[in-house]
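Asker: I would like the atomic coordinates for the input below:
(one chain, ligands or ions: 2)
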Amino acid sequence: MYPITLNIENRKCVIIGGGKIAYFKAGPLLEAGAEVTVVSPEICTGFQVLEKEGKIRVLLKEVEETDYNDAFLIIVATNSTEVNERVYENASESQLVNVISNHELGNFHIPATLNRGMLSISVSTNGASPTLAKKIRNDLGKVYDESYEEYLEFLFEARMIIKNGSFSKEEKSKLLRDSIQDIYKYSLKERYRFLARLLPVEAEENISLG
Ligand SMILES: C[C@@]1(CC(=O)O)c2cc3[nH]c(cc4nc(cc5[nH]c(cc(n2)[C@H]1CCC(=O)O)[C@@](C)(CC(=O)O)[C@@H]5CCC(=O)O)C(CC(=O)O)=C4CCC(=O)O)c(CCC(=O)O)c3CC(=O)O
Ligand SMILES: NC(=O)C1=CN([C@@H]2O[C@H](COP(=O)(O)OP(=O)(O)OC[C@H]3O[C@@H](n4cnc5c(N)ncnc54)[C@H](O)[C@@H]3O)[C@@H](O)[C@H]2O)C=CC1
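Answerer: Residues are numbered from 1 along each chain as shown. Ligands and ions are numbered 1, 2, ... in the order given. Predicted structure coming up:
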């Protein structure tokens, strides 16, 4: 298995099946900006709400190949193992297919994920124990709490200034290593000081005045 993070903004993603498990998979896709179509003869209340809100497109029918042959990513989540297997067999080799009823089918698994702004932590046991993946994710969530959201914004800003600044290669890598010191995790004042240190002298004066 080869872990990656995927940009699915405005990409066509098809969820096959309209039950609880399918619904649970839709949230992260929508948050990532995907264009989601659900194909299922029946859909749960959650999907009905999303459809009314115009967030998803629904095809109230049993799945056929034409419903997903142009999809970038497919999540197969019906309660029929046979239907799930058939969709996987009929999908093209270049499509991303997740089959939730069988960890041996499909070409990717969905990990247990924690998002803290620009920080994503994903845990996968590759089908051995999804419950353990969930527990490890929840344990990590206590260490990497909500404060990491703003901390990552600071680190991103600092890194952009460092990358675009006129520092030597050595200075750049030292500054990048310095930026992840604990002190900047805990103190806003120290973050401002660090950013001010990176800017040319006139800009630094403006920061301290303003
Ligand atoms: C292979 C995979 C699908 C894939 O390819 O993506 C898969 C497969 C299966 N899961 C099953 C059952 C359960 N899955 C969960 C929970 C989660 N399952 C997730 C992922 C994955 N599950 C992928 C592997 C990831 C990995 O191993 O790390 C998580 C991490 C992420 C997500 O789903 O978004 C999410 C945590 C969500 C969160 O909180 O974020 C729970 C616990 C619970 O819900 O509390 C149970 C009941 C307990 C149990 O059975 O263990 C069954 C049996 C179905 C049946 O009985 O019919 C299969 C089928 C099989 O085993 O083949
Ligand atoms: N990966 C995971 O996290 C987990 C996976 N599962 C698996 O997920 C499956 C689905 O679970 P639930 O959502 O709770 O089931 P559910 O019974 O609530 O929903 C099944 C859905 O599939 C739809 N469906 C049936 N035949 C179809 C077809 N030919 N074309 C399109 N849609 C069709 C039904 O209309 C229904 O909306 C379970 O059978 C189980 O194997 C279960 C627990 C966790």
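Asker: use CA for all of it now, contacts and neighbours both
Answerer: OK.
Asker: what residues does the chain put near ligand 1?
Answerer: Counting by Cα under 6 Å from any ligand atom, the residues of the chain close to ligand 1 are 25, 98-103, 108-113, 124-131, 133-134.
Asker: domain-wise, how is this protein divided?
Answerer: 1-109, 111-145, 147-209 (automatic domain parsing).
Asker: for the shortest one, measure first residue to last.
Answerer: What it means is domain 111-145. Start and end residues of domain 111-145 are separated by 19 Å (Cα to Cα, to the nearest Å).
Asker: tell me how far that domain lies from the chain's centre.
Answerer: 12 Å (Cα atoms, centre = their mean, to the nearest Å).
Asker: also the longest one?
Answerer: Using Cα atoms, centre = their mean, the distance from the centre of domain 1-109 to the centre of the chain it belongs to is 16 Å.
Asker: I'd say E149 and L119 touch.
Answerer: Yes: assessed by Cα atoms under 8 Å, E149 is found in contact with L119 at 7.2 Å.
Asker: thinking again about what came up before, out of the domains of the chain, flag the one nearest ligand 2.
Answerer: domain 1-109 (3.3 Å; Cα to the nearest ligand atom).
Asker: now the helices: where do they sit in the protein?
Answerer: 20-31, 45-52, 81-90, 130-143, 147-164, 169-179, 182-186, 188-198, 201-209 (DSSP state H).
Asker: now the ones you listed as JSON lines including mean pLDDT?
Answerer: Shown next, in JSON lines, are the helices of the chain (pLDDT from 0 to 100):
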{"stretch": "helix 20-31", "mean pLDDT": "97"}
{"stretch": "helix 45-52", "mean pLDDT": "98"}
{"stretch": "helix 81-90", "mean pLDDT": "96"}
{"stretch": "helix 130-143", "mean pLDDT": "98"}
{"stretch": "helix 147-164", "mean pLDDT": "97"}
{"stretch": "helix 169-179", "mean pLDDT": "97"}
{"stretch": "helix 182-186", "mean pLDDT": "96"}
{"stretch": "helix 188-198", "mean pLDDT": "96"}
{"stretch": "helix 201-209", "mean pLDDT": "54"}
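Asker: adding distance to ligand 2, write those helices out as a markdown table.
Answerer: Output for the helices of the chain, formatted as a markdown table (distance: least, Cα to the nearest ligand atom, whole Å):
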| stretch | distance to ligand 2 |
| --- | --- |
| helix 20-31 | 4 |
| helix 45-52 | 10 |
| helix 81-90 | 6 |
| helix 130-143 | 7 |
| helix 147-164 | 27 |
| helix 169-179 | 38 |
| helix 182-186 | 34 |
| helix 188-198 | 40 |
| helix 201-209 | 50 |
